[in-house]
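K.L.:
Return atomic coordinates for the entry below.
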Amino acid sequence: MVEAILTRGIPGSGKSTWARSWVAERPDERGRVNRDDIRMAVFGRPHGVDERVVTRVQNATIRALIEAGKDIVVDNTNLNPVYNEKLINFVRSLGANVRIRDFEVDVDEAIRRDSERPNPVGAGVIRGFHRTYLSPAVRSGI
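P.N.:
The predicted model follows:
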C-alpha cells in the first residue's frame, strides 16, 4: 500500500528540509508535494495567489503520484484541522495509508530559520500559526 506522510508544524520547523531528504533517499519510489512550491511554479510568487488553483494542482499531483504507486510526503504546515481533515480524506480515498509526522520547534528558532530563507514568511506569520494552532490554550481546549 502506498504511504502518504503529512507533515505538521509551523513555518521554519524543518518539514521541507526533512521531506526533501526523505524523497532523496529513494527518488524513484517517492514524491514530494508542497503548496509553496506550487505557488512559485504556477504564479511566480509565494503569496497572494488563487488558493483554489493551488489546491487543484496539489490534489492532481497527489493523485498522479499515488496512482503511479509512489509514496508521498505533503510538507505543508497542515495545522488547520478543517483543511487537514479534507486532505487526509482525499488521500485515503485514493487508497493510500496516511501518517502524520509532527515537527516541533521553538518559535524563536523557527523565526531565525525563516529569516535565512529566500522567501521568508516573517515572524508575525510564524507567531500567528503558533498562537492559533499550537499555543497551550489551544492544546488544552480553552
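
K.L.:
Leaving out the residues flanking it, which one is nearest to residue 79?
P.N.:
Nearest residue to residue 79, sequence neighbours excluded (Cβ to Cβ, 6 or more residues apart in numbering): residue 133, at 4.0 Å. The C-beta positions use only the backbone N, C-alpha and C, and glycine is treated the same way.

K.L.:
so who does the one you found touch?
P.N.:
Contacts for residue 133 (Cβ atoms under 8 Å, 6 or more residues apart in numbering) come out as 10, 79, 80.

K.L.:
Residue 8 versus the residue nearest to the first one when sequence neighbours are not counted, what's the distance?
P.N.:
So the one you mean is residue 10. Closest residue in space to residue 10, ignoring its immediate chain neighbours: residue 129 at 4.5 Å, by Cβ to Cβ, 6+ apart. Computed as Cβ to Cβ, to the nearest Å, the residue 129 to residue 8 distance reads 11 Å.

K.L.:
Need the CA coordinates for stretch 33-51. CSV is fine.
P.N.:
Output of stretch 33-51 as CSV, limited to C-alpha atoms (Å, rounded to 0.1, in the frame of the first residue of the first chain):
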residue,chain,number,x,y,z
VAL,A,33,4.1,17.9,-2.8
ASN,A,34,4.3,21.4,-1.4
ARG,A,35,1.9,24.3,-1.7
ASP,A,36,4.7,26.9,-1.6
ASP,A,37,6.5,25.3,-4.5
ILE,A,38,3.2,25.1,-6.4
ARG,A,39,2.6,28.8,-5.8
MET,A,40,6.1,29.6,-7.2
ALA,A,41,5.8,27.3,-10.1
VAL,A,42,2.3,28.4,-11.2
PHE,A,43,2.2,32.1,-10.2
GLY,A,44,5.9,33.0,-9.7
ARG,A,45,5.3,34.3,-6.2
PRO,A,46,4.9,32.8,-2.8
HIS,A,47,1.8,34.7,-1.5
GLY,A,48,-1.3,36.4,-2.7
VAL,A,49,-2.4,33.8,-5.3
ASP,A,50,-5.6,31.9,-6.1
GLU,A,51,-5.5,29.2,-3.5
